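Chemist: kindly generate the corresponding structure for this input.
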Amino acid sequence: MPIPSRIPPQSEIDELAHRLSNWGRWGVDDQRGTLNHLTETARRRALGLVSDGHSIGLGIPLNTQPSPTNPRPSLHLMLRAGDTATETAGKAEDYLALAYHGWNVTHVDTLAHNFYRGAMYNGVPAARVTSRGALANDISHAADGIIGRGVLLDLPRALGRSWLEPAEAFVPADLELAEARAGVRVEPGDLLLVRTGRWARHAAALACELLPDGEGLFAMAGPDASVLGWLQEREVALIGGEGLNEAFPPDRTPARPPFHVVGIPAMGLCLLNNCDFERLAAACAARRRWEFLLVIAPLNLPGALGSPVNPVAVF
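Modeler: Got it, this is the predicted structure:
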């Protein structure tokens, strides 16, 4: 069963970073981290999962309205619109700007996004992320797309609940229970998606609990630090969640979120954040099938620390 969410002590963070480090595993110049598990063989296997061609977008709508939980709303402006068109010619144009790190945009994080003891993934000095962007471990190393076998583990379904509460963290035993209930096993190179019920809870008009850190973040269910070792053992290429892939408790000080301060810089773990798995979960349940082709196409912006994305699952 899920446990109370927590922020691990520094001693636990240090032990995890040392034990789970992938520095040098794929060479001293590697900048892909766990995406190295996503081999050509794994991609070919994923292509064979497509049968009826039904596709489901997993990205959440961009939120342009400011609120306590959306302090940096996306900006959508019209540069030209139809109400200025003439009878003979005309066009519409728009402008979009967004700060995608945080709770309100579906995005992937690069291995330059977080540091541990002054270094990012593979021992690259943190100073190589400059005011002009990252000089290493940037999003260009995923520019060919992240395409593989997606596996959805639906924790509320496995636990017989509607959702996990914001103060809960799931552990490896919960993932293995969801595997058993779904009749699927997470394997090397998989793109693992974990449903916690964020959007089901939101649809029930239950407000998220704001955290007292002034950043507009709020408590949400997510993985306990112990899940990092499970992902390393299973050789997962990516983990995707409905939040930031962290179980933030109501009091998150000091800030040591393990998936960001160990998973990214030590393991080179690729994180997919803020997805909506409600329609996907329904489609999986209807088909009694929890694996599918998953396609994620980051923007190719050299120097970027991640990218907004709209992942697509294909059956």
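Chemist: strands of the stretch 101-250 of the chain, start to end?
Modeler: 107-109, 129-130, 133-134, 146-154, 168-170, 191-195, 222-223, 238-240 (DSSP state E, counting those that start in this stretch).
Chemist: reformat those as CSV; add distance to P66, mean neighbour count and mean pLDDT.
Modeler: (C-beta placed from N, C-alpha, C; glycine too.) Listed next are these as CSV, based on distance: least, CB to CB, whole Å; neighbours: other CB atoms under 10 Å; pLDDT from 0 to 100:
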stretch, distance to P66, mean neighbour count, mean pLDDT
strand 107-109, 19, 24, 98
strand 129-130, 28, 15, 96
strand 133-134, 26, 18, 96
strand 146-154, 31, 24, 98
strand 168-170, 29, 24, 96
strand 191-195, 28, 27, 98
strand 222-223, 25, 27, 96
strand 238-240, 26, 26, 98
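Chemist: ok, which of these comes nearest L38?
Modeler: strand 146-154 (4.9 Å; CB to CB).
Chemist: between strand 191-195 and the closest one, find me the angle.
Modeler: Put simply, strand 146-154 runs at 30 degrees to strand 191-195, going by axes from the mean of the first three to the mean of the last three CA atoms, to 10 degrees.
Chemist: what are the contacting residues of strand 146-154?
Modeler: The contact list for strand 146-154 (CB atoms under 8 Å, 6 or more residues apart in numbering) reads 35, 38, 42-43, 45-46, 49, 108, 175, 178-179, 182, 184, 186-187, 189-195, 237-238, 270, 277, 280-281, 284-285, 290-298, 313.
Chemist: which of the residues you listed fall in helices?
Modeler: Among these, DSSP state H puts 42-43, 45-46, 175, 178-179, 182, 280-281, 284-285 in helices.
Chemist: from those, which single one is nearest E15?
Modeler: Out of these, the member with the shortest distance to E15 (by CB to CB) is L175, at 21.2 Å.
Chemist: ok, that closest one - how many residues close by?
Modeler: Other residues near L175 number 21, with proximity taken as other CB atoms under 10 Å.
Chemist: okay, and the beta partners of the nearest residue to it once chain neighbours are set aside?
Modeler: Spatial nearest neighbour of L175, excluding adjacent residues (CB to CB, 6 or more residues apart in numbering): L153 at 5.7 Å. The partner list for L153 in beta bridges (DSSP bridges) reads V194.
Chemist: show me the chain divided up by domain.
Modeler: The chain breaks down into these domains under automatic domain parsing: 3-61+103-314, 63-97.
Chemist: go through these and find the least confident stretch.
Modeler: For the domains of the chain, the weakest mean pLDDT is recorded on domain 63-97, namely a mean of 84.
Chemist: ends of it, how far apart?
Modeler: Domain 63-97 has an end-to-end distance of 11 Å (criterion: CA to CA, to the nearest Å).
Chemist: quick check: W290 vs V184, distance?
Modeler: 5 Å (CB to CB, to the nearest Å).
Chemist: which of the two has more neighbours?
Modeler: Higher neighbour count among W290 and V184: W290, with 23 against 18, using other CB under 10 Å.
Chemist: find the nearest non-adjacent residue to that one, please.
Modeler: That would be A182: by CB to CB, 6+ apart, it lies 4.2 Å from W290.
Chemist: for P2, same thing?
Modeler: Closest residue to P2 apart from its sequence neighbours, by CB to CB, 6+ apart: E168 at 4.1 Å.
Chemist: circling back to that earlier point, could you identify which of the ones in helices among the contacts of strand 146-154 has the most neighbours?
Modeler: C284 (27 neighbours).
Chemist: go through stretch 66-73 and flag the buried ones.
Modeler: Residues 69-70, 72-73 are the ones in stretch 66-73 that count as buried (16 or more other CB atoms under 10 Å).
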